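Q: My questions concern the predicted model and sequence given below.
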Amino acid sequence: MTRTAYLHVPFCRSKCRYCDFYSRPCGNEDQLEAYTRALLRQIGTAERSALSSIYFGGGTPAILGTRRLAALLEALTARFSVEADAEITLEINPNSLGCADLSALRRAGFNRLSIGLQSALPKGLAVLGRTHTADDFLRCTDGARRAGFSNLSADMIFAVPGLSVKENALTAVFLADCGPEHISAYELSYEAGTPLTRALEAGTISAHGDEAAGEMYTQICALLRGQGYEHYEISNFAKPGFASRHNLHYWACGEYYAFGAAAHGYLNGRRFSVVRDTDAYIARTRGEVYDESCDDFPAGRISDEEAEEERIFLGLRTAEGILLTPALEAKLESQAAFFTRCEEAGLLARNGGRLRLTEEGWRVSDSIITKLI
Ligand code: SF4
């Protein structure tokens, strides 16, 4: 199997209220230059192989500017054998880039944009601490189309506090009207230490319960399916032929490179994360070979048992599901009453030698997957 590459840019202009990703306030030019040079050094010493996709995420990668982004992509294509039809994604915010930048990035080789809308409603954007508007999103997608991007993805968040069930689903209506090729819809999660979680703890906002969140999910799924999107993974929807190859590779337990501070990777049977500190990361790239001594390798080489668990919990996120191996059949048999009830309730399906969760099953996937691993 070919590999993929993830490159992390941990800078943001402001911090969204729900976000616990590793990101720092936007650096000055010297910092951005130093970080880019560090990425180039890490790329330049990576083991060579074929790549089927590349993903620039963050943070806000656009902060690096088009010249540096293009140089990084050029370095990746020089170091690796990037497949001719590779999916090359850049994550952006709706107000990150103008038309000229989008055209330059398209010419540089990026062929997919993942745009973080999150909510189409002003009050949703305010609760989440986003600094753009729905109009910015429309301008951005229009500019992207004119720049030649024919593969756009948009992210939305539901179960936003202060919005009703119907209002939460309105963002999906807005997106379906805009018609990006791909939509990711994530339920809001309250991560420790974020301003949104502190507001929840202080009682100034209240979270939607499981039932309301489930209702929103059901509405969003039905709405997007009705507009021609295939629901191909718990949180992801795509027009035919536009499922994210980068993410499918991840859910199929494929290996991938990790470039940049706090990036997560999986290479040669080991999962790891690059040091979560930009200065330490920059220092680490100064040698002839990237110094991974302070990166985190929590599990070492993953065992066969761990690999099987990953195959189950990542594969069951997808509509394709997983191959029913004799070992898995035996597990289903050992708790036959439970799994028969799941099948009768339409949560789980066994056919064509595969095991799948249905859309209803995805809502309760944790309780089912726990029984399998
Ligand atoms: S732009 Fe993205 S990475 Fe940056 S703070 Fe917001 S959610 Fe987090």
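A: Perfect, I can see it now. Keep in mind the model is a prediction, meaning the values are calculated, not measured. Numbering: from 1, shown residues only.
Q: Number of residues surrounding Cys19?
A: 16 (other Cβ atoms under 10 Å). Where C-beta positions appear, they are placed from N, C-alpha and C, glycine not excepted.
Q: Number the residues from 145 up from this point.
A: New numbering, starting at 145: the last item is Cys163.
Q: List the residues that contact the residue nearest to it when sequence neighbours are not counted.
A: Using Cβ to Cβ, 6 or more residues apart in numbering and skipping the chain neighbours, the partner closest in space to Cys163 is Thr338 (6.5 Å). Contacts for Thr338 (Cβ atoms under 8 Å, 6 or more residues apart in numbering) come out as Arg161, Tyr162, Cys163, Asp164.
Q: The first one contacts Gly273, doesn't it?
A: Yes: with contacts counted by Cβ atoms under 8 Å, Arg161 reaches Gly273, the gap being 3.4 Å.
Q: returning to what we had before: which member of the contacts of Thr338 is positioned nearest Tyr361?
A: Tyr162 (17.5 Å; Cβ to Cβ).
Q: Please report how far the closest one lies from the ligand.
A: Computed with Cβ to the nearest ligand atom, to the nearest Å, the distance linking Tyr162 and the ligand is 7 Å.
Q: residues in contact with the closest residue to Arg212 other than its chain neighbours?
A: Closest residue to Arg212 apart from its sequence neighbours, by Cβ to Cβ, 6+ apart: Thr180 at 4.5 Å. Shown in contact with Thr180 (Cβ under 8 Å, 6+ apart): Leu208, Arg212, Ala215, Leu216.
Q: Please, which helix or strand holds the last one?
A: Assigned by DSSP states H and E, Leu216 belongs to helix 210-223.
Q: what angle do the next helix or strand after that helix and helix 210-223 make?
A: Counting by DSSP H and E, the next helix or strand C-terminal to helix 210-223 is strand 225-236. In terms of direction (axes from the mean of the first three to the mean of the last three Cα atoms, to 10 degrees), strand 225-236 departs from helix 210-223 by 160 degrees.
Q: Between Arg161 and Gly273, which contacts overlap?
A: In contact with both Arg161 and Gly273: Pro339, Leu340, using Cβ under 8 Å, 6+ apart.
Q: ok, and what's touching the one helix or strand Ser328 maps to?
A: Using DSSP H and E, Ser328 sits within strand 326-331. Outside of strand 326-331, the residues within contact range by Cβ under 8 Å, 6+ apart are 258, 295-303, 316, 319-320, 357, 360-361, 364, 368, 373, 379-383, 386-388.
Q: neighbouring strands for it, and are they parallel or not?
A: strand 296-302 (parallel), strand 380-382 (antiparallel) (DSSP bridges).
Q: Please identify the most buried of these.
A: For the strands paired with strand 326-331, the largest average neighbour count (mean count of other Cβ atoms under 10 Å) is found in strand 380-382, namely a mean of 25.
Q: which residues touch the residue nearest the centre of the chain?
A: What sits nearest the mean C-alpha location of the chain, by Cα atoms, centre = their mean, is Asn391, with 7.2 Å. The contact partners of Asn391, by Cβ under 8 Å, 6+ apart, come to Glu377, Asn380.
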